[in-house]
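Chemist: Sequence plus the predicted model coming up.
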2 protein chains.
Amino acid sequence: MTTHDPLHDPILSGDRRALARAITLVESTRPDHRERAAALLDGLRDTGREALRIGLSGTPGVGKSTFVEAFGLMLTGQGKRVAVLAVDPSSARTGGSILGDKTRMEHLSRDANAFIRPSPAASHLGGVARRSREAVALCEAAGFDIVLIETVGVGQSETMVAQISDLFVLLLAPAGGDELQGVKRGIMEIADLILVNKADGDLKSTATRTVADYAGALRLLRKRPNDPEGFPRAMAVSALESSGLADAWEQMQTLATWRRDNGHWATCRAEQAAHWFREEVRAGLLARLDTPEVRADMTRLARDVAEGRRAARAAARDLLDDLGI
Amino acid sequence: MTTHDPLHDPILSGDRRALARAITLVESTRPDHRERAAALLDGLRDTGREALRIGLSGTPGVGKSTFVEAFGLMLTGQGKRVAVLAVDPSSARTGGSILGDKTRMEHLSRDANAFIRPSPAASHLGGVARRSREAVALCEAAGFDIVLIETVGVGQSETMVAQISDLFVLLLAPAGGDELQGVKRGIMEIADLILVNKADGDLKSTATRTVADYAGALRLLRKRPNDPEGFPRAMAVSALESSGLADAWEQMQTLATWRRDNGHWATCRAEQAAHWFREEVRAGLLARLDTPEVRADMTRLARDVAEGRRAARAAARDLLDDLGI
């Protein structure tokens, strides 16, 4: 008989405090925590629960927090349970966001049906994404219907967030045609839905033009095999006035349903799982270098190489031999 | 008493055929070749010979081959021995350049003081760069005075080439101000010398304007600590008419001498050596995954993870345990 982790049952019953503690466990680098986290995740693997995982990217200034707050409140107002996870590449260096995400989303953070979690601190972006993916799995096990995984627009982080999402939403500000060039082609290619925010007040007509510009740009991209007619799509929203949000949600559901019905959903999740397994293996292997002893050996040998006493390859071979690799 | 590799002495005497064979050995993935290559490189580590390693980047169409041919012939004409190595990121997929570099540089390739080597084929760009770095060391041991390491302009490959070079030269075509934006900031930051080629015929005045544009852009970049006054610098050349080449060479020597006199040269080479040592260690560690048995295990476990029978982290742990990691 397998004994479950004490956090197992509380998570299944949707206890947000247990969920928060489990995510902390998953993010820990302590060996005993790592072992416990792995067992906990493995035990929660087959709950049969499935959330809609929405990746959301937007550069600072597009009103991402306002959007998440308004969109999240709309969903909880419909009785949905919503989790918001941040993937912040800068946390890889600074050790986590300084400004708490909860202060950015004041109402949503007090909503009993919402759960907000800042970005994990990890030594590099790949680590942040791996831990975020496990946090998504925990939210799913805790019965959340929608998991929003938000990131800032810096290219690499979007690609990683897309690898842990079912849908990818790009939030943009209204802008002239010239600025359209600023969105990298790679990001356009992973976006399922482009939302031009701030379609209110003075910016309303600019937002409408921006939507048309991006709709044109999206048409120029090749048709992707896992999209129904009309996707990817661009539309205007106003997080401030909560307008267009219901329509945006409808589009997300339409796309999700289509992908589910056409088998793309399951294929995509399976490919993502295999991808992250490979990343776990690589990271686990490289973690062998991350002990005080090996770091000291590396430093010593790097100096030998730098000072010409040893060639790089031969010195690397010595170190790997010592590690039994 | 250490017995030297049979290629050791011929390389030291500058035998180009031995050099070519040694580079082939270095690029080999066969375990016995790898071991022999490591020993050969370690044995040739302290010859006291030092070449000027010049990284050269240019997108297709800027006349890179014409430049290398003209520049190389100018140098061999001065009695210098010149090696040209290509680092082609596409070779990571295609398995080496299809068009031989020798046909691109017809005269230089027949010059007894020149040595031309196409890009190594490796499974990824990091591998290409690691092997190229060792090829540079072999050329240096073989007594070449200048090693030109050329690459096409795709961002990542420039950064790697800069990590195996003493100087970095960016070759550009004459162009209007708009196209200036196309050069990524990161590339501008590693360039020591920007050469605007094709300053001949109808394009002469455009080339002069382009030089001014880039000179302005370079002034906007922050001053780097390892540059003398006036560097980085932009100038016009014509590979076709062999004009400006002597001036460009003088600038390269000025910069190299200044860096040598100010200790930057040695510091930079030491940092590069330590960097590539760390890359060798990482690559050697990840090579543990690159056996038929492990690949088969990975595929099987990836399927388990994809089909929900195992969580990614737990499956990765199983695999690493099997590897004794």
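Modeler: Perfect, I can see it now.
Chemist: Around chain B, pick out the residues from the stretch 201-325 of chain A.
Modeler: By the rule Cβ under 8 Å from any Cβ of the partner chain, the part of the stretch 201-325 of chain A lying against chain B is A:269-271, A:273-274, A:276-278, A:280-286, A:288-289, A:298, A:301-303, A:305-308, A:310-317, A:319-320, A:323-325. C-beta: built from backbone N, CA, C; applies to glycine.
Chemist: In the stretch 201-325 of chain A, where is pLDDT below threshold?
Modeler: A:222 (pLDDT under 70).
Chemist: The same query, at a cut-off of 80, please.
Modeler: Residue ranges of the stretch 201-325 of chain A with pLDDT under 80: A:221-226.
Chemist: where exactly do the strands run in the stretch 51-200 of chain A?
Modeler: A:52-57, A:82-87, A:114-117, A:146-151, A:167-172, A:193-196 (DSSP state E, counting those that start in this stretch).
Chemist: ok, residues contacting the first one?
Modeler: Okay, so that is strand A:52-57. Strand A:52-57 is contacted by residues A:64, A:67-68, A:136, A:140, A:145-153, A:157-158, A:161-162, A:164-171, A:187, A:252-253, A:256 when judged by Cβ atoms under 8 Å, 6 or more residues apart in numbering or on different chains.
Chemist: Just the buried subset of these, please.
Modeler: By neighbour count, with 16 or more other Cβ atoms under 10 Å in any protein chain shown, the contacts of strand A:52-57 hold A:64, A:67-68, A:136, A:140, A:145-153, A:157-158, A:161-162, A:164-171, A:187, A:252, A:256 as buried.
Chemist: Leaving out chain neighbours, which residue sits closest to residue A:314?
Modeler: residue B:42 (4.3 Å; Cβ to Cβ, 6 or more residues apart in numbering or on different chains).
Chemist: backbone phi and psi for that neighbour, please?
Modeler: Dihedral pair for residue B:42: phi -70, psi -40, per degrees, to the nearest 10.
Chemist: now residue A:232
Modeler: phi -60, psi 160.
Chemist: Could you report the separation of it from residue A:167?
Modeler: 10 Å (Cβ to Cβ, to the nearest Å).
Chemist: Which neighbours do those two have in common?
Modeler: Both residue A:232 and residue A:167 are contacted by A:192, A:193, under the criterion Cβ under 8 Å, 6+ apart.
Chemist: just the strands in the stretch 201-325 of chain A please.
Modeler: According to DSSP E, counting those that start in this stretch, the strands that the stretch 201-325 of chain A contains are A:233-236.
Chemist: contacting residues around residue A:254?
Modeler: residue A:228.
Chemist: State the distance from it to residue A:245.
Modeler: Distance, residue A:254 to residue A:245, using Cβ to Cβ: 15 Å.
Chemist: Now the most centrally placed residue in chain A. Nearest residue, chain neighbours left out?
Modeler: Nearest to the geometric centre of chain A sits residue A:161, at 3.6 Å (Cα atoms, centre = their mean). The spatially closest residue to residue A:161, leaving aside those adjacent along the chain, is residue A:55, at 4.2 Å (Cβ to Cβ, 6+ apart).
Chemist: what does residue A:315 give?
Modeler: According to Cβ to Cβ, 6+ apart, the nearest residue to residue A:315 is residue A:301 (4.5 Å).
Chemist: Surely that neighbour and residue A:310 touch.
Modeler: Yes. Counting by Cβ atoms under 8 Å, residue A:310 is a contact partner of residue A:301 at 7.0 Å.
Chemist: Can you pull the residues that touch both of the two?
Modeler: residue A:318.
Chemist: now stretch A:38-52: how far from the chain's centre is it?
Modeler: Distance of stretch A:38-52 from its chain centroid, counting by Cα atoms, centre = their mean, to the nearest Å, is 17 Å.
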